[in-house]
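**Student:** model this:
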Amino acid sequence: MARIKEHKHSTEGKPIELAPLPSRVYISLAQHLGKVCDKLDVKVGDSVLRGQRLATSDAKIFAPVHASISGKVTAIELWPHPGMGKAKAVVIESDGLDKSSGREAAKSHEEISRLTAAQIRELVFKAGVVGMGGAAFPTYIKLTPPKPVSTLIVNIAECEPYLTGDSELSVEKTREILLGIELVKMCVGAQNVFIALEDNTPVAAKAMETAVRTTGYAIRVLKSRYPQGGEKQLIKSICKIEVPGGKLPFDVGVTVQNAATVYAVYEAVYLDKPLYERVVTVTGSIVPNPKNLLCRIGTPIKDLIDFCGPLTEEPAKIIIGGPMMGVAQFTDMVPVIKSTTGVILMAKNETETKEEESCVRCGACIRECPLGLMPCLINLAAEKGLWDEAKEYGALDCMECGLCSYMCPGNRRLVQSIRKAKLEIAKRKT
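**Tutor:** Next up, the predicted model:
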C-alpha cells in the first residue's frame, strides 16, 4: 500500500445536501454485478411513482431497479452508462410532484425484533440494495454466506483521495448505521464486529467511537494508505488473515460491508425504502462549490455539476468514482447509478497524458501490489495474447486498484491490460 496525495479538504466535514429534484432521470437496467434487469414492469407512456419497481430478472444474481421520481416513462432506450459505455435505461419525465408508491412505511422496533434473517434478506432484495462502495454486488447474496462467518467488518475506510461521502454519512447517520449493522450481523451470524476508518477522518472516528460504547463493537482507526479500503486489505489489517488467491472473504470467516450499504440495509428494513438515492461527492479544482450530495439514482451528472458550479473552466476530464479506480466519462449526461461514489472534474493541467515506455523490470508494480501479484508479467502475457498465462499470473485476483499503473516509471497501462485479460479469460469460459 502507498501514501497518495489527498484532495478531501474541499468536501471534508461538509454536511450532506439534498440535490434538486431532477426534471428527467435515466434509470439504467445495469446497476449491479450480475444479470441486467431484462424483465420490464413498465412501458413507454406509463405513469410511475417514486419507489415503484421498474424491472427485474429471472437470474440468480441481480438486483431489481426502481423509479427515483414520479412521472411518465417517455422512453426505454440505450443511454450512456458510467462503466459500460451504453446500456438500456428507463427514461422518466418528472411530474414535479415526487409522489411515493406508498410502500415506504416505518416499522417499530417491536416489528423489527420479530423479523427472521430470511425476512430481512427478502426486504433487502426487494429494495434492490447492492454494494455501494463501487462493486455493486447484490447485498442479499452477501447476507447469505455459504460458509460460517464469525467477523463482520464495516468499511468506512474511504481510501480514494477525493471522496468523503461515506465518512460524512457515518457522522450524520451514526444511529441508523448501527441499526443496519445489527441487521447484517443477524443475517450472517457474526459474533465480532469491527468498524474500520482511516486516521484522516477524525470526526467520523470520534462519532463512531462515542456511538459504539455500549454495543461491544470495536473501532479500528487505520493508517491512511491506498488501497486500505479494499476488503482483502481490511481483513489483513484488522484480522491479520490473508485471503488466499481465488478465494473470497467468507472462505476465512469474514464479511465486509460498506457503510453506505449498511445504511441502505437499514432503510430497506426499517422504512421499506427501495434504493433510489445515494450520497455522491462532487468535487475537483475547477468546482467552486464542491459538495456531498444526496441525489436520486438516474440523475444526469450534468445536473449535479451545474448545482455545484458554475465551473471555473471547461473540464479536461470527468471521472465517475475516484481517480484511482474510477472511469473517465465521454459525456456529462451519464446518470448516477447505485455504485456512483463521486464525480470528479479535473483541469487541463491535472490530466497530463504521458507516453507509454518499455518495461524496465524495476519491480515497482510488484512491490506495491496490495495482493502480491506481478502486474508486469500479466501485462506482458496480455500483450502477447497469452490468456492462460495471464490467468496463471493472477489476473482474475486483481482488484484493479490502479496502484501499479500509478507507481510505474514507464507509464505502462497495466490496469487496462489486466482488464482486457479478464475479459478474454471470461470469453474462453463461455
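**Student:** and the residue lying closest to Val193 once chain neighbours are set aside, how close does it get to Arg419?
**Tutor:** Spatial nearest neighbour of Val193, chain neighbours left out: Tyr217 (4.3 Å); criterion: C-beta to C-beta, 6 or more residues apart in numbering. All C-beta atoms are positioned from the backbone trio N, CA, C, and that covers glycine. Taking C-beta to C-beta, to the nearest Å as the measure, Tyr217 and Arg419 are separated by 36 Å.
**Student:** look up how far Arg412 lies from the residue of the chain positioned farthest from its centre.
**Tutor:** Most distant residue from the mean C-alpha position of the chain: Val360, 34.6 Å away (C-alpha atoms, centre = their mean). Noted for Val360: a distance of 10 Å to Arg412, by C-beta to C-beta.
**Student:** returning to that earlier point: got phi/psi on the closest residue in space to the residue farthest from the centre of the chain that isn't next to it in sequence?
**Tutor:** Leaving aside its chain neighbours, Val360 sits nearest to Gly410 (6.0 Å; criterion: C-beta to C-beta, 6+ apart). Main-chain dihedrals, Gly410, degrees, to the nearest 10: phi -100, psi 10.
**Student:** likewise Thr139?
**Tutor:** Per degrees, to the nearest 10, the backbone of Thr139 is at phi -70, psi -30.
**Student:** residue contacts, it?
**Tutor:** The contact partners of Thr139, taken as C-beta atoms under 8 Å, 6 or more residues apart in numbering, are 63, 124, 129-131, 257, 261, 264-265.
**Student:** recalculate using a threshold of 10 Å.
**Tutor:** 32, 63, 121, 124-125, 127-132, 184, 187, 257-258, 261-262, 264-265, 268, 275 (C-beta atoms under 10 Å, 6 or more residues apart in numbering).
**Student:** for Lys99, same thing?
**Tutor:** Per C-beta under 10 Å, 6+ apart, neighbours of Lys99: 47-52, 69-71.
**Student:** tell me the spacing between it and Val265.
**Tutor:** 25 Å.
**Student:** same question for Ile195.
**Tutor:** Ile195 is 15 Å from Val265, by C-beta to C-beta.
**Student:** could you do Tyr406 as well?
**Tutor:** For Tyr406, the distance to Val265 - C-beta to C-beta - is 33 Å.
**Student:** which of those two has more neighbours?
**Tutor:** Val265 (30 against 17; other C-beta atoms under 10 Å).
**Student:** okay, the more buried one: pLDDT?
**Tutor:** pLDDT recorded at Val265 is 98.
**Student:** what about it, which helix or strand?
**Tutor:** Using DSSP states H and E, Val265 sits in helix 259-270.
**Student:** kindly export that helix (C-alpha atoms) in PDB.
**Tutor:** Taking Å, rounded to 0.1, in the frame of the first residue of the first chain, the C-alpha atoms of helix 259-270 are listed here in PDB:
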ATOM      1  CA  ALA A 259     -21.100   1.900   5.500                       C
ATOM      2  CA  ALA A 260     -23.400   3.300   2.800                       C
ATOM      3  CA  THR A 261     -24.600  -0.300   2.100                       C
ATOM      4  CA  VAL A 262     -25.300  -0.900   5.700                       C
ATOM      5  CA  TYR A 263     -27.300   2.400   5.800                       C
ATOM      6  CA  ALA A 264     -29.300   1.200   2.700                       C
ATOM      7  CA  VAL A 265     -30.000  -2.100   4.500                       C
ATOM      8  CA  TYR A 266     -31.400  -0.100   7.500                       C
ATOM      9  CA  GLU A 267     -33.600   1.900   5.100                       C
ATOM     10  CA  ALA A 268     -34.800  -1.200   3.300                       C
ATOM     11  CA  VAL A 269     -35.800  -3.000   6.500                       C
ATOM     12  CA  TYR A 270     -36.900  -0.200   8.900                       C
END
